[in-house]
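S.K.: With the input below, show me the fold.
(2 chains)
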Amino acid sequence: MALLEVRNLQTYFYTYAGVVKAVDGVSFSVDRGEVLGIVGESGSGKSVTAMSIMRLVQQPGKTVGGEIIFDGIDLLKLSDREMNSYRGKRIAMVFQDPMTSLNPTLTVGYHMMELLSRDPNLKTKKQKIDRAIELLRAVGISEPEKRLSQYPYQFSGGMRQRVMIALAIALNPDLLIMDEPTTALDVTVQAQIMELVKEIQERYHMAVIFITHDLGVIAGFADRVMVMYAGKKVEEGDVYSMFEKPLHPYTEALLSAVPKLDMDRSQRLYAIPGSPPNMIAPPPGCRFHPRCPYAMRICAKKMPVAVSTDDREVYCWKVFKEMGVVESV
Amino acid sequence: MSKNVILKIENLKTWFPVTGGFPKKVVGYVKAVDGVSFEVYEGETLGIVGESGCGKTTLGRTIVRLYKPTDGKIWFKNEELTHLSDKELLPYRRKIQMVFQDPYASLNPRMTVAEIIGEALDIHKLYKTKEERQERIYQLLETVGLVREHANRFPHEFSGGQRQRIGIARALAVQPELIVLDEPISALDVSIQAQVVNVLIDLQEKYGLTYLFIAHDLSMVRYISDRVIVMYLGNVVEEAPSRELFRKPLHPYTEALLSAVPIPDPKIARQRKRIILQGEVPSPLNPPPGCPFSTRCPYAKDICFKEKPQLKEVGGRKVACHFPLE
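M.R.: Purely as a prediction, here's the structure:
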């Protein structure tokens, strides 16, 4: 059984202008020890998906439907208190912005001790401090003894993200959700952090959901990829086959919008025409059809059904027509 | 491509004073750009890459004289711009334009698109009649892929990609020869980045523009640039034709930087050897005494910590390293 199974998740935001269906019927699963990458542009619903799993969606947002089965239990049915016992301990999250996700008025040590006080194996203060030092060392922070008494502003962006990772793995969670953990960082620091995450993931055999808009980062790290567009899943599959032969026109367009290593200016980049839809009134049918070069009449009318092959799941009428394989409607 | 030098930078330094104490006095300098020299040829795209804090934006802003250089010279064609007054600079401001990084901050929210673009035309008095001005604005909007109807709208009504197009139209309004593009696509989504890059390439071909393309996205820089300059801590560490630089970097920093770039291909991404640099960029307030990269360089020897290497020519390229890679 999968560690996490998300079924038909719907998280809506009730704004004055109307209802924004940020995540609109998304289903996926993550196995133990697996890395699932979620790719999409801003507004595609990838962060809201992560926040929904953690049950951290705030007003005016609300998860209005679906199930989030974690280790056999539907997280959406838990009380707030029960959910709290999952956060950090079973499921941990690393946020995008390392500058704002630590409290600037508290020392790094305070952040760590607060979390470690939830670990029943650590009884004395000495044990907790030792564990905090061990964790900081594990994420590559030098002189951890000294660093514990420092404040977040005394850490650089990369170092703060390391602290966030140390906090996230402190209670040995089964699932780690990382929401664009390296977006705010420089490439050389990004490489350091990715190396660290990979090492930790392998050492603790953690399941990881990795959210990013950078296809390059996904290619180097994920086992499976899910592509989102306008609150919907459009394609999911094995990382190798997906990058080799994307099936959904949006995935294909995303991959051809970034320059390949052997490309020069004589070959133009493929620019997806138009811009992502207004989520208050998304287009009917397939949400990508107004920008899709292959759009057919049916695309504007009916939401595509899932087309599944052994290693792929695609929501596209064109693929449906070509493959003619239907498993679920 | 012609080899006419359009812009020449000589030993340019832009330092920002740091004040402290009481009474307030200067306690040090942030050496954002610390002795940079290069030439830009007419009609080419010169890419400037480096990590945050390497001085690439400051360099761009100094070239358009938004900052006053501390030392060094800026030549545009045969004219030295370094010490011209604002009034004397005006004709050159028309020749050198800039597109800024953040399309949300670089357009005045209280002005309509027509006012934003028209302002440039007003300053340089580039029209005779009101109708001509209006027509010119429409033309510019169409050139960058917007429509006439957009002229009377305000910036908040546009998406990021469209705003960046407005920024490009504003730069184009005065018919510049050189445009400094400071991370013009960093704030945009992947699908929109390609749109803007294609507009830039089209415009360059149409008007024979020269671009200074500042970015940290190396794959895009490789794609768009003819030549590339790599900066580290206010210094140029390597300069080479784009293809050669990416095929065979000579400076250890360039090598590490290139190996850190994520490649959107799982097979290549997992096979290649990556050089993970230790530590982070030192503070430009207190740069290391020798080579600026010595503190993180995997190949550093004694001399690297003592003596700063100069940018010297190696087989038609330039590198500032005591021991360039073979």
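
S.K.: list the helices and strands whatever helix or strand A:Thr251 lives in packs on?
M.R.: Element membership for A:Thr251, per DSSP states H and E: helix A:249-256. In terms of contacts (3 or more Cβ pairs under 8 Å, 6 or more residues apart in numbering or on different chains; DSSP states H and E), helix A:249-256 is packed against strand A:224-229, strand A:232-238, helix B:190-207. For glycine as for every other residue, the C-beta is placed from the backbone atoms N, C-alpha and C.

S.K.: Counting by contacts, list what the helix or strand that it is followed by packs against.
M.R.: Scanning forward in sequence from helix A:249-256 by DSSP H and E, the next helix or strand is strand A:306-309. Applying 3+ Cβ pairs under 8 Å, 6+ apart, we find strand A:306-309 packed against strand A:312-315, helix A:317-323.

S.K.: Among those, show me which one is buried the most.
M.R.: Counting by mean count of other Cβ atoms under 10 Å in any protein chain shown, strand A:312-315 has the highest mean neighbour count of the helices and strands packed on strand A:306-309, with a mean of 22.

S.K.: Next, the angle strand A:232-238 makes with the helix holding A:Thr251.
M.R.: Orientation check (axes from the mean of the first three to the mean of the last three Cα atoms, to 10 degrees): helix A:249-256 against strand A:232-238 gives 60 degrees.

S.K.: Could you check how far helix A:249-256 is from the centre of its chain?
M.R.: 19 Å (Cα atoms, centre = their mean, to the nearest Å).

S.K.: ok so, going back, can you check which of the helices and strands packed on strand A:306-309 gets nearest to chain B?
M.R.: strand A:312-315 (14.7 Å; Cβ to the nearest Cβ).

S.K.: Quickly, which of the helices and strands packed on strand A:306-309 bottoms out on average pLDDT?
M.R.: Least confidently modelled of the helices and strands packed on strand A:306-309 is helix A:317-323, at a mean of 88 by mean pLDDT.

S.K.: In CSV, list the C-alpha atoms belonging to it.
M.R.: Output of helix A:317-323 as CSV, limited to C-alpha atoms (Å, rounded to 0.1, in the frame of the first residue of the first chain):
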residue,chain,number,x,y,z
TRP,A,317,-8.2,14.1,-25.8
LYS,A,318,-5.5,14.0,-28.5
VAL,A,319,-3.6,11.2,-26.6
PHE,A,320,-7.0,9.5,-26.0
LYS,A,321,-7.7,9.5,-29.8
GLU,A,322,-4.2,8.2,-30.6
MET,A,323,-4.0,5.5,-28.0
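
S.K.: Show me what that helix packs onto, helices and strands only.
M.R.: Helix A:317-323 is packed against strand A:306-309, with contacts defined by 3+ Cβ pairs under 8 Å, 6+ apart.

S.K.: partners of the strand it packs on, with directions?
M.R.: The pairing partners recorded for strand A:306-309 under DSSP bridges are strand A:312-315 (antiparallel).

S.K.: ok now the strand it pairs with, how far from the chain's centre?
M.R.: 19 Å.

S.K.: what's in contact with the helix holding A:Thr251?
M.R.: With Cβ atoms under 8 Å, 6 or more residues apart in numbering or on different chains as the test, helix A:249-256 has contacts from A:39, A:215, A:227, A:229, A:234-235, A:242-243, A:246, A:269-270, A:272, A:288, A:291-294, A:316, A:318, B:190-191, B:264.

S.K.: worst average pLDDT in the helices and strands packed on helix A:249-256?
M.R.: Minimum mean pLDDT among those: helix B:190-207, a mean of 91.

S.K.: what sits against A:Cys164?
M.R.: Cys isn't right for residue A:164; it's Met. Per Cβ under 8 Å, 6+ apart, neighbours of A:Met164: A:94-95, A:98, A:101-102, A:181.

S.K.: my read: B:His141 touches B:Ala169, true?
M.R.: For residue B:141 the amino acid is Leu, not His. Yes. Under the criterion of Cβ atoms under 8 Å, B:Leu141 makes contact with B:Ala169 at 6.0 Å.

S.K.: Comparing those two, which residue is more hemmed in?
M.R.: Ranked by neighbour count (other Cβ atoms under 10 Å in any protein chain shown), B:Leu141 and B:Ala169 place B:Ala169 first, with 26 against 21.

S.K.: ok, now how distant is B:Gln162 from chain A?
M.R.: Using Cβ to the nearest Cβ, to the nearest Å, B:Gln162 is found at 8 Å from chain A.

S.K.: Three-state assignment for that residue, please.
M.R.: Going by DSSP: H, G, I helix; E, B strand; the rest coil, the secondary structure assigned to B:Gln162 is helix.

S.K.: my read: it touches B:Leu146, true?
M.R.: Yes. Assessed by Cβ under 8 Å, B:Gln162 is found in contact with B:Leu146 at 6.5 Å.

S.K.: just the helices in the chain please.
M.R.: Going with chain A. Counting by DSSP state H, chain A has helices at residues A:46-54, A:80-86, A:108-116, A:125-138, A:144-147, A:157-169, A:187-204, A:215-221, A:239-244, A:249-256, A:317-323.

S.K.: wait, I meant chain B there
M.R.: Remark: helices assigned in chain B by DSSP H are B:56-63, B:86-95, B:113-123, B:130-143, B:160-172, B:190-207, B:218-224, B:242-247, B:252-260, B:266-271, B:302-306.

S.K.: I'd like the ones you listed as TSV, with distance to B:Trp15 appended.
M.R.: Below are the helices of chain B laid out as TSV (distance: least, Cβ to Cβ, whole Å):
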stretch	distance to B:Trp15
helix B:56-63	10
helix B:86-95	21
helix B:113-123	30
helix B:130-143	37
helix B:160-172	28
helix B:190-207	32
helix B:218-224	26
helix B:242-247	28
helix B:252-260	22
helix B:266-271	40
helix B:302-306	23
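
S.K.: mean pLDDT lowest for which of these?
M.R.: Note on the helices of chain B: helix B:266-271 shows the lowest mean pLDDT, a mean of 88.

S.K.: Quick one: residues contacting A:Glu93.
M.R.: Quick fix: residue A:93 reads Met, not Glu. Counted by Cβ under 8 Å, 6+ apart, A:Met93 has contacts A:50, A:54, A:56, A:87, A:168, A:176-179.

S.K.: what bridges to it?
M.R.: Residues in a beta bridge with A:Met93, per DSSP bridges, are A:Ile177.

S.K.: pLDDT value on it, please?
M.R.: Note for A:Met93: predicted pLDDT of 94.

S.K.: what do you get for the one 10 residues further on?
M.R.: A:Asn103 is assigned 93 on the pLDDT scale.

S.K.: middle-most residue in chain B, spatially?
M.R.: Most central in chain B under Cα atoms, centre = their mean is B:Ile214, positioned 2.8 Å from the mean C-alpha point.

S.K.: count of neighbours near A:Tyr204?
M.R.: A:Tyr204, neighbours per other Cβ under 10 Å, totals 13.

S.K.: these two touch, right, it and A:Asn172?
M.R.: Yes. Counting by Cβ under 8 Å, A:Tyr204 does reach A:Asn172; the two are 6.5 Å apart.

S.K.: If you check chain A against chain B, which residue is the closest one?
M.R.: For chain A, Cβ to the nearest Cβ, closest residue to chain B: A:Gly216, 2.6 Å.

S.K.: burial count for the nearest residue to that residue once chain neighbours are set aside?
M.R.: Once flanking residues are discounted, A:Gly216 sits nearest to B:Pro262: 2.6 Å by Cβ to Cβ, 6 or more residues apart in numbering or on different chains. The tally of other residues near B:Pro262 (other Cβ under 10 Å) stands at 23.

S.K.: which parts of the stretch 51-200 of chain B sit against chain A?
M.R.: B:51-52, B:159, B:161-162, B:189-195, B:197-198 (Cβ under 8 Å from any Cβ of the partner chain).

S.K.: ok, which pair from those residues is furthest apart?
M.R.: Pairwise distances across these (Cβ to Cβ) peak at 28.9 Å, for the pair B:Glu51 and B:Gln162.

S.K.: Which single residue of chain B ends up nearest chain A?
M.R.: B:Pro262 (2.6 Å).

S.K.: Okay, now stretch B:291-298: how far is its last residue from its first?
M.R.: End-to-end distance of stretch B:291-298 (Cα to Cα, to the nearest Å): 13 Å.
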